[in-house]
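A.B. asks: show me the folded form of this:
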Amino acid sequence: MTFLPTSSVRTSCRELSKQSGSVSICVPALEEFSSEVAESIHSNQALQVAEWDADGWHYTGKTYAKRKHQDDDLYELMRMERVGLYILTMDAINFCFWPSSSSSAKNGLEYEHLAIALRKVAEIDDESDDRQEEYTGSRDSSTCVRAESCYALSPSNLTALTATKLQSLLQPHFPSSSESIVYELPDIDVRCRLLNELGKGLIDHHDGSVLNMISKADQSADSLVSIILETFPGFRDYVDRDSWTNKRNSCDWNTAKSSTSVIHFYKRAQIAVADIWAALGRCSTSSQRCNFTDMKLITTFPDYRVPQILRQVGALQYTPELAAKVDNQEELSQGGVDEVSIRAGTVVAVEEMVELVKKHLTAIAEADSFAESRNNLQSLLEDVSAVTIDWYLWQRGEKEDRLNLLGPHHRVRTTYY
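C.D. replies: A predicted model of the protein is given here:
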């Protein structure tokens, strides 16, 4: 039987959510919040989320210099390959920034700091003339373009990367630390191992080319998630419920794909696909390979921020015992009942929120006397998905967190988010 990762996420999370005793969804609060979001969409005639690089955090390849011998098509493919490598590198190590090596100072590192640091690393050779790109295949079919060996994030460089080298590449681009706050990337050895795995997986299975890997998905986001999971074990984000009662390790990957006791999440694999779509497909006119036709199959990305904002508006509710752990910033057990219940509840809440926002949008448009509002309804409805709602919640949460308007998020030491 074919393994469908996003369907497995939805099904397993909904089943667990029905049984969970520590996390519940407050339907009236979710309904009210969804109505608020729908009103905002209607008022602005758009779901207002920042474009992928609206804040200038990410590498876009815009400063990647074209060589005299390159034609426009090959240049664009090389730029896309470099951006694809940047995205996979970012999402391979996009997890758990909060732990601090200092007993007296908190770690202030956030996603944006890592994204910017990696962008600067990716830009190092953008204007270099001493580059030889590697290209094989037909430009009209399954083109295999490989990044130049001087590109810091090329598969060969990722494979050979050491923890010391990774630290030296990133740390100079982080903000300066002080007595009360440090900016450091935790678990550098683990992150280096995941980047080694990324480079080796691309070389061994996809001819060292991200675009070659993406082409194999045939414009399917769900298929690309599956390819990522098969290629890179570090993205396999699942929990075996039997391990809770039998006190054993989770089942292996092949068993997990068909086991009814497994809860699937795949946060980093799904967000990598969404980032590729946002950067290279959603608004691109140069290539269709990243313009996935089934983006609505991707679920929300269950991490810290989304459940934090859903709890803030009352849509997610915790038992007093779990609420006390979260509010006191106690670490939850990775893969334990509490953590998994929060993540599963988040997936289900966002799925329900998508349908509620669409329902309210339709009602608002039908009651509106302006024909233009009704005419735009279908376009607005098509833009509401678990991915875009996730972006909206995450960006709203980031803003409110900076204003100290949010309560604590749950804490787990994990490589999955």
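A.B. asks: how about Asp368, what does it touch?
C.D. replies: Contacts for Asp368 (Cβ atoms under 8 Å, 6 or more residues apart in numbering) come out as His42, Arg374. C-beta here means a position set from N, CA and C on the backbone, and glycine is covered the same way.
A.B. asks: let's see that with 7 Å instead.
C.D. replies: Residues counted as contacts of Asp368 (Cβ atoms under 7 Å, 6 or more residues apart in numbering) are Arg374.
A.B. asks: again with Pro99
C.D. replies: If a contact means Cβ under 7 Å, 6+ apart, then Pro99 has Asn107, Pro186, Arg413 as its contacts.
A.B. asks: what strand or helix carries it?
C.D. replies: In the assignment (DSSP states H and E), Pro99 maps to no helix and no strand.
A.B. asks: then Glu15?
C.D. replies: helix 5-19.
A.B. asks: list the buried residues for that helix?
C.D. replies: Using 16 or more other Cβ atoms under 10 Å as the test for burial, helix 5-19 gives Pro5, Thr6, Ser8, Val9, Arg10, Ser12, Cys13, Leu16, Ser17.
A.B. asks: same question, stretch 403-417
C.D. replies: Leu406, His409, His410, Arg411, Val412, Thr415, Tyr416, Tyr417.
A.B. asks: what's the nearest residue to the last one if we skip its chain neighbours?
C.D. replies: For Tyr417, the nearest residue in space outside its immediate sequence neighbours is Asp303; the separation is 3.8 Å by Cβ to Cβ, 6 or more residues apart in numbering.
A.B. asks: I'd say Gln395 and Gln48 touch.
C.D. replies: No - using Cβ atoms under 7 Å, Gln395 is not in contact with Gln48, being 8.8 Å away.
A.B. asks: look at the two and report which has more neighbours.
C.D. replies: Shown here are Gln395 and Gln48; by other Cβ atoms under 10 Å, Gln395 has more neighbours (17 against 14).
A.B. asks: quickly find the element holding the more buried one.
C.D. replies: Assigned by DSSP H and E, Gln395 falls in helix 386-402.
A.B. asks: could you say what helices and strands that helix packs with?
C.D. replies: Contacts defined by 3 or more Cβ pairs under 7 Å, 6 or more residues apart in numbering; DSSP states H and E place helix 386-402 against helix 305-312, helix 337-367.
A.B. asks: need the nearest residue in space to Ala274, chain neighbours excluded.
C.D. replies: Nearest non-adjacent residue to Ala274 (Cβ to Cβ, 6+ apart): Val387, at 5.1 Å.
A.B. asks: repeat that for Lys296.
C.D. replies: Of all residues not flanking Lys296 in the chain, Ser385 sits nearest, at 4.9 Å (Cβ to Cβ, 6+ apart).
A.B. asks: burial count for that neighbour?
C.D. replies: Using other Cβ under 10 Å: Ser385 sits among 22 other residues.
A.B. asks: again with Ser180
C.D. replies: Neighbours around Ser180, by other Cβ under 10 Å: 10.
A.B. asks: contact partners for it?
C.D. replies: Neighbouring residues of Ser180 by Cβ under 7 Å, 6+ apart: Ala105.
A.B. asks: tell me the pLDDT at it?
C.D. replies: The pLDDT attached to Ser180 in the predicted structure is 93.
A.B. asks: could you measure from it over to Ala105?
C.D. replies: 5 Å (Cβ to Cβ, to the nearest Å).
A.B. asks: circling back: and the buried residues of helix 5-19, which two are furthest apart?
C.D. replies: Greatest spatial distance among these (Cβ to Cβ): Pro5 and Ser17, at 18.3 Å.
A.B. asks: tell me which element Leu202 falls in.
C.D. replies: Following DSSP H and E, one finds Leu202 within helix 188-206.
A.B. asks: who does that helix touch, helix- and strand-wise?
C.D. replies: helix 72-92, helix 155-160, helix 163-170, helix 210-215.
A.B. asks: just the strands in the stretch 201-350 of the chain please.
C.D. replies: Applying DSSP state E, counting those that start in this stretch to the stretch 201-350 of the chain gives strands spanning 238-240, 262-264, 316-318.
A.B. asks: could I get the ones you listed as CSV with distance to Tyr111 and mean neighbour count?
C.D. replies: Below are those laid out as CSV (distance: least, Cβ to Cβ, whole Å; neighbours: other Cβ atoms under 10 Å):
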stretch, distance to Tyr111, mean neighbour count
strand 238-240, 23, 22
strand 262-264, 23, 24
strand 316-318, 21, 20
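A.B. asks: closest one to Ser40 among these?
C.D. replies: Here strand 316-318 is closest among the strands of the stretch 201-350 of the chain (Cβ to Cβ), at 20.2 Å.
A.B. asks: thinking again about what came up before, TSV for the helices and strands packed on helix 386-402, including distance to Asp294 and mean neighbour count?
C.D. replies: Shown next, in TSV, are the helices and strands packed on helix 386-402 (distance: least, Cβ to Cβ, whole Å; neighbours: other Cβ under 10 Å):
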stretch	distance to Asp294	mean neighbour count
helix 305-312	22	24
helix 337-367	15	21
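A.B. asks: right, and those - which one's nearest Val27?
C.D. replies: That would be helix 337-367 among the helices and strands packed on helix 386-402, by Cβ to Cβ, at 8.0 Å.
A.B. asks: how far does the closest one sit from its chain's centre?
C.D. replies: Its chain's average C-alpha position is 18 Å from that of helix 337-367, according to Cα atoms, centre = their mean, to the nearest Å.
A.B. asks: who does it touch, helix- and strand-wise?
C.D. replies: The contact analysis (3+ Cβ pairs under 7 Å, 6+ apart) places helix 337-367 against helix 5-19, strand 23-25, helix 27-44, helix 305-312, strand 316-318, helix 371-375, helix 377-382, helix 386-402.
A.B. asks: weakest of the ones you listed by average pLDDT?
C.D. replies: For the helices and strands packed on helix 337-367, mean pLDDT drops lowest on helix 371-375, to a mean of 70.
A.B. asks: and the helices and strands packed on helix 188-206 as TSV, adding mean pLDDT, mean neighbour count and distance to Asp240?
C.D. replies: Shown next, in TSV, are the helices and strands packed on helix 188-206 (pLDDT from 0 to 100; neighbours: other Cβ atoms under 10 Å; distance: least, Cβ to Cβ, whole Å):
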stretch	mean pLDDT	mean neighbour count	distance to Asp240
helix 72-92	95	23	23
helix 155-160	98	19	30
helix 163-170	98	16	30
helix 210-215	97	24	28
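A.B. asks: looking at those, which is nearest to Asn254?
C.D. replies: Ranking the helices and strands packed on helix 188-206 by their distance to Asn254 (criterion: Cβ to Cβ) puts helix 210-215 first, at 20.9 Å.
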